[in-house]
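Novice: sequence and predicted structure, then a few things I'm wondering about:
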Amino acid sequence: PEVFAGLPADRLIHSAQYRTRIAGIARDEPVRAVVVGGAQSAAEMFYALHENLPQSRVTMLVRSIGLQNYQTSKFVNELFFPSFVDEFYDSPPEVRAQLLDEMRFTNYAGLAPPFLDELYTMLYRQKALGPQRSEVRAMTEVVGARVEDGDVVLDLRDRLSGKTEPLRCDLVLLGTGYDPRKPALVRELAARVGIDRVEVSRAHRVELGESAWGAVYLQGVNEETHGIADSLISVLA
């Protein structure tokens, strides 16, 4: 996210880099770590830090009202059937956008229910038995980030009160997702063949025009046309 753009690379760890970057920090280092994000990747980093860096103090920042379950009912699971993808693809763009928003908790912004229970139990045990090295701060967003006197300083805004306060730490871990745009290779290809907008058929094939003799297929970046199931290999098959 743009708010973290000014921080040095050695103070930031994206979830995709977690294993290799954490391995480079001594286990006995008393790191003050902040995890940003409210879904599975952020929660897994938050949980893993307790084992990987046992002397660390960890704060998790969540913009929503709190950590939530994925929607996993059998009714909701039908949204991942190929038959629903057919219906979704044929719907008007404004309807698809609305449906995607309603489907968010089936694949994003949530945690697997058993893991959520495990995480809550860990925090509860810390409160009851100590030591309390962990905290989840809900309704909190980062509005500024900078390095000051050797510390990373995050400006945190409480969404309830509107007040902003600083939080000092050593390391920021981002469970904030990925760039939603089409891959750079595809965007460059589209520009070369004169396509203003990359469009994909129901069969995941990029519409390159009548003159194209080759084919490009995309998966995992077609949510706006194929729905939230687009990342599933089973649906692609």
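Specialist: In hand now; what should we look at?
Novice: what about stretch 64-74, start to end distance?
Specialist: Terminal residues of stretch 64-74 are spaced 25 Å apart (C-alpha to C-alpha, to the nearest Å).
Novice: and what of stretch 158-178?
Specialist: OK, stretch 158-178 end separation, C-alpha to C-alpha: 25 Å.
Novice: how far away is Arg57 from Asp90?
Specialist: As judged by C-beta to C-beta, to the nearest Å, Arg57 and Asp90 stand 51 Å apart. Placement of C-beta: from N, CA and C, glycine included.
Novice: do Leu79 as well
Specialist: With C-beta to C-beta as the criterion, Leu79 and Asp90 are 15 Å apart.
Novice: please say which of those two ends up with more neighbours.
Specialist: Leu79 (19 against 11; other C-beta atoms under 10 Å).
Novice: that one in helix, strand or coil?
Specialist: Three-state call for Leu79 (DSSP: H, G, I helix; E, B strand; the rest coil): helix.
Novice: which one's the longest helix in this structure?
Specialist: As assigned by DSSP state H, the longest helix anywhere in the chain is helix 113-129.
Novice: and that helix, which residues are buried?
Specialist: Residues of helix 113-129 classed as buried by neighbour count (16 or more other C-beta atoms under 10 Å): 115-116, 119.
Novice: mind giving me the packing neighbours of that helix?
Specialist: helix 40-52, strand 134-137 (3 or more C-beta pairs under 8 Å, 6 or more residues apart in numbering; DSSP states H and E).
Novice: quick one: mean pLDDT for that helix?
Specialist: Summarised as a single mean, pLDDT over helix 113-129 is 88.
Novice: can I get it in PDB, CA atoms only?
Specialist: Extracted in PDB, the C-alpha atoms of helix 113-129 (Å, rounded to 0.1, in the frame of the first residue of the first chain):
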ATOM      1  CA  PRO A 113     -12.800 -21.200  11.300                       C
ATOM      2  CA  PRO A 114     -10.500 -23.700  13.100                       C
ATOM      3  CA  PHE A 115      -7.500 -21.300  12.800                       C
ATOM      4  CA  LEU A 116      -9.500 -18.400  14.000                       C
ATOM      5  CA  ASP A 117     -10.500 -20.400  17.100                       C
ATOM      6  CA  GLU A 118      -6.800 -21.400  17.700                       C
ATOM      7  CA  LEU A 119      -5.700 -17.800  17.400                       C
ATOM      8  CA  TYR A 120      -8.300 -16.600  19.900                       C
ATOM      9  CA  THR A 121      -7.300 -19.300  22.300                       C
ATOM     10  CA  MET A 122      -3.700 -18.200  22.100                       C
ATOM     11  CA  LEU A 123      -4.600 -14.600  22.900                       C
ATOM     12  CA  TYR A 124      -6.900 -15.600  25.700                       C
ATOM     13  CA  ARG A 125      -4.200 -17.700  27.300                       C
ATOM     14  CA  GLN A 126      -1.800 -14.800  27.200                       C
ATOM     15  CA  LYS A 127      -4.400 -12.500  29.000                       C
ATOM     16  CA  ALA A 128      -5.100 -15.100  31.600                       C
ATOM     17  CA  LEU A 129      -1.700 -16.600  32.300                       C
END
